[in-house]
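# Got a predicted structure here, sequence first:
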Amino acid sequence: MFLLPKGNPLFENLAVTKLKLPEVLTKLSVGAFSGYSSFVFQAGTVILVFEAGKLVSAQFEDQTGRRQNGFEALSALTELMVTSGSGAMNVYKLSKDLTMCIHALLEGEILYKAQELKLIDINSLLRKVKDDSMNGCLRIYTEEHSAMIFYKDGNPLGFFHDGSSDIETSSSESQKIAGLPGAKIDLFSTRSVEELMGINLLEVANIQKIWDTTVTLHQSEIDRSNKERQERDKKLASLKLAELEERVKLIVGEYVGKVGRGIVDKELSDNGGNACLIDEAGSARIMSGIERAAKLLISGTNIKTMMEKLTAAITAAKTEY
């Protein structure tokens, strides 16, 4: 998961299942929000960057590190919000300068990723940043904490860590995270502010249409799945009823002979088919009819034993429904 420092929190851990993306984006846009919003799902994380209410950047990163930007990221976010059934939204306010640094970072190129800090020569890496006059960002992080150092023309521009709303001059938080067990770094080259495209994604992407289409497709998939499940359940129920019917015929045939199957067929026909075997009133009528017919053919002791077996078979079958 691509973990940014938290900045100045406006909202944290909002349940995504209760949100609609068009409404969220409209509120942030109308409020002239500057900063970023993160949407965290099991499948990955989406980051949206706003500058004075304009959606200037969108990025989705899945658990494998694969990234999508812009329209594709918004489509992925919509899909996750509609289908995942979980997820959390966070909103952090930043200054314009820091917002543009995050924008530049998301539009940049990864040079080093997930390098364990204890295994690299950090001094040599920083010398390279300076010697190459790099515009970039060094991200130092663990699973729970993250800090960033921005560089312009190879020189440190400032720091960004949890609780910051602007670029900081103190490196103490970065040093703390660098000293934590398992700390890693990423190094990004970033584009200059002048190179960044000033497109407002809210003006070029019809978020409402994307949302409505995704909701409709998801509902269609749910309906199709429900229909298939109902058909499977119906077939299974039919199979179980056929098995129960055969079991009843075998029991009756065991005691009254070949005419037993005919007796059962008649009773089932008179009572609407084998579905009556699992119906309380229907099974009582079937049992009564079979017992009445059997009294003309076999002794009372055998009738009692047969009826006990029928009762046990029908009762056991009912528990499966």
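Yes, it's here.

# From here on, just use CA atoms for contacts and neighbour counts.
Will do.

# which residues touch the closest residue to residue 33 other than its chain neighbours?
Of all residues not flanking residue 33 in the chain, residue 53 sits nearest, at 4.7 Å (Cα to Cα, 6 or more residues apart in numbering). By Cα atoms under 8 Å, 6 or more residues apart in numbering, the contact set of residue 53 is 28-34.

# who wins for neighbours among those residues?
Neighbour tally across the contacts of residue 53 (other Cα atoms under 10 Å): the maximum, 25 neighbours, falls on residue 34.

# wait, that residue sits on residue 98?
No - between residue 34 and residue 98 there is no contact under Cα atoms under 8 Å: 9.3 Å.

# that older thread, pull the most distant pair out of the contacts of residue 53.
Taking Cα to Cα as the measure, these span a maximum distance of 11.2 Å, between 30 and 34.

# where does this structure have low pLDDT?
Within the chain, the segments meeting pLDDT under 70 span 1-2, 192-198, 321.

# Strands of that one, residue ranges please.
Remark: strands assigned in the chain by DSSP state E are 8-15, 35-40, 44-51, 54-62, 67-69, 88-93, 109-116, 136-141, 146-152, 155-161, 184-189.

# will you turn those strands into TSV that also has mean neighbour count and distance to residue 203?
Compiled in TSV, the strands of the chain are given as follows (neighbours: other Cα atoms under 10 Å; distance: least, Cα to Cα, whole Å):
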stretch	mean neighbour count	distance to residue 203
strand 8-15	14	24
strand 35-40	25	18
strand 44-51	25	13
strand 54-62	23	9
strand 67-69	17	16
strand 88-93	21	21
strand 109-116	14	26
strand 136-141	26	29
strand 146-152	23	29
strand 155-161	21	29
strand 184-189	22	28
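
# Run a quick neighbour tally on residue 266.
Neighbours of residue 266 using other Cα under 10 Å come to 14.

# repeat for residue 246
Residues near residue 246, counting by other Cα under 10 Å, number 14.

# looking at the sheet around the closest residue to residue 156 other than its chain neighbours, what are its partners?
Leaving aside its sequence neighbours, residue 156 sits nearest to residue 150 (Cα to Cα, 6+ apart; 5.9 Å). Beta-bridge pairing for residue 150 (DSSP bridges): residue 137, residue 158.

# correct me, but residue 150 touches residue 158?
Yes - in terms of Cα under 8 Å, residue 150 counts as a neighbour of residue 158; the distance is 5.6 Å.

# Next one: residue 74 relative to residue 49, how far apart?
12 Å (Cα to Cα, to the nearest Å).

# So which of the strands of the chain is nearest residue 174?
Smallest distance to residue 174 across the strands of the chain (Cα to Cα): 5.5 Å, for strand 146-152.

# before we move on, the earlier item: quick one: the strands of the chain as JSON lines, columns for distance to residue 251 too.
As requested, those are exported to JSON lines (distance: least, Cα to Cα, whole Å):
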{"stretch": "strand 8-15", "distance to residue 251": "57"}
{"stretch": "strand 35-40", "distance to residue 251": "60"}
{"stretch": "strand 44-51", "distance to residue 251": "59"}
{"stretch": "strand 54-62", "distance to residue 251": "60"}
{"stretch": "strand 67-69", "distance to residue 251": "65"}
{"stretch": "strand 88-93", "distance to residue 251": "59"}
{"stretch": "strand 109-116", "distance to residue 251": "70"}
{"stretch": "strand 136-141", "distance to residue 251": "72"}
{"stretch": "strand 146-152", "distance to residue 251": "73"}
{"stretch": "strand 155-161", "distance to residue 251": "78"}
{"stretch": "strand 184-189", "distance to residue 251": "72"}
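
# residues contacting the residue nearest to residue 156?
Residues in contact with residue 150 (Cα under 8 Å, 6+ apart) are 101, 135-138, 156-159.

# Residue 234 now?
Not one residue lies near residue 234 by Cα under 8 Å, 6+ apart.

# The one 10 residues further on now?
Counting by Cα under 8 Å, 6+ apart, residue 244 makes contact with 277, 313-314, 317.

# what's the answer for residue 116, then?
Applying Cα under 8 Å, 6+ apart, the residues contacting residue 116 are 182-185.

# any idea how far residue 213 is from residue 167?
For residue 167 relative to residue 213 (Cα to Cα), the value is 40 Å.

# Give me the more crowded residue out of those two.
Shown here are residue 167 and residue 213; by other Cα under 10 Å, residue 167 has more neighbours (21 against 14).

# Does the more buried one touch residue 160 like I think?
Yes - in terms of Cα under 8 Å, residue 167 counts as a neighbour of residue 160; the distance is 5.6 Å.

# biggest helix in this structure by residues?
Counting by DSSP state H, the longest helix found in the chain is helix 207-256.

# and that helix, how far from the chain's centre?
Relative to its chain's centre, helix 207-256 lies at 25 Å (Cα atoms, centre = their mean, to the nearest Å).

# ok, for the residue minimising distance to the centre of the chain, nearest residue in space, not its chain neighbours?
Centre of the chain computed as the mean C-alpha position; nearest residue by Cα atoms, centre = their mean is residue 84, 2.3 Å away. Counting by Cα to Cα, 6+ apart, residue 41 is the residue found nearest to residue 84 once chain neighbours are left out, at 7.8 Å.
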